[in-house]
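1. the following comprises the amino acid sequence and a computationally predicted model.
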Amino acid sequence: MVNCTIADIKCSIADSFGVFFQTKQGSGRLKRIFLLLALHLISKYRTNCLRMERTYLGEFEEIVLLTAAVLALQSEAYGVAITHQIIEETGRSVRLNQVHAALQRLEDKGMVKSHLGEPTPQRGGRRKRLFSITAYGQHTLRDIQTVRESLWSRLQIPFRPALNL
């Protein structure tokens, strides 16, 4: 079961409608209509959210999701940039097709969404597929971080170098 907070739900609705709840614009009647619609969607989303089972990520998917989240802050979350960042951070040998496959799985799970950027002359008029993390993807990363921090905090004895390798 997934624990959904109101902030997660608001984020998800804002993602879907492109509306920020903090806006002070609009007439009183329009705000009331929007509030009723938002309350309806929140109750529906929360019900669906409580029924969803947790989606588990493999280590590579987690690294791709986290890297995409970091690079999305700079509007640079596309396949090649994600691949280079993973290689730089982990020292792993990673191929672009592996990153694309992981991004497709994450998109299928609803953790990232993508859109085509503008064509550029540097790319011969081709467009980049840019990725952004969804509220569900953010929630999943927070869950993973909480589990890892909890386990690391309970490790009281620091690791010692092994004598027999």
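-> Perfect, I can see it now. All of these numbers come straight from a predicted model, not from anything done at the bench.

2. next helix or strand past the helix or strand containing Leu103?
-> Element membership of Leu103 [criterion: DSSP states H and E] is helix 96-108. Using DSSP H and E, the helix or strand that directly follows helix 96-108 along the chain is strand 112-116.

3. same for the helix or strand following that following strand, what does it pack against?
-> Downstream of strand 112-116, the first helix or strand assigned by DSSP H and E is strand 129-133. Using 3 or more CB pairs under 8 Å, 6 or more residues apart in numbering; DSSP states H and E, the elements in contact with strand 129-133 are helix 59-72, strand 112-116. Glycine gets a C-beta too; all of them are placed from N, C-alpha and C.

4. residues contacting Ser75?
-> The contact partners of Ser75, taken as CB atoms under 8 Å, 6 or more residues apart in numbering, are Leu130.

5. if we can go back for a sec, would you list the helices and strands packed on strand 129-133 in JSON lines and tack on distance to Thr83 and mean neighbour count?
-> As requested, the helices and strands packed on strand 129-133 are exported to JSON lines (distance: least, CB to CB, whole Å; neighbours: other CB atoms under 10 Å):
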{"stretch": "helix 59-72", "distance to Thr83": "9", "mean neighbour count": "20"}
{"stretch": "strand 112-116", "distance to Thr83": "15", "mean neighbour count": "15"}
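
6. quick one: low-confidence parts of the chain?
-> Along the chain, the parts satisfying pLDDT under 70 run over 1-28, 30-32, 42-54, 162, 164-165.
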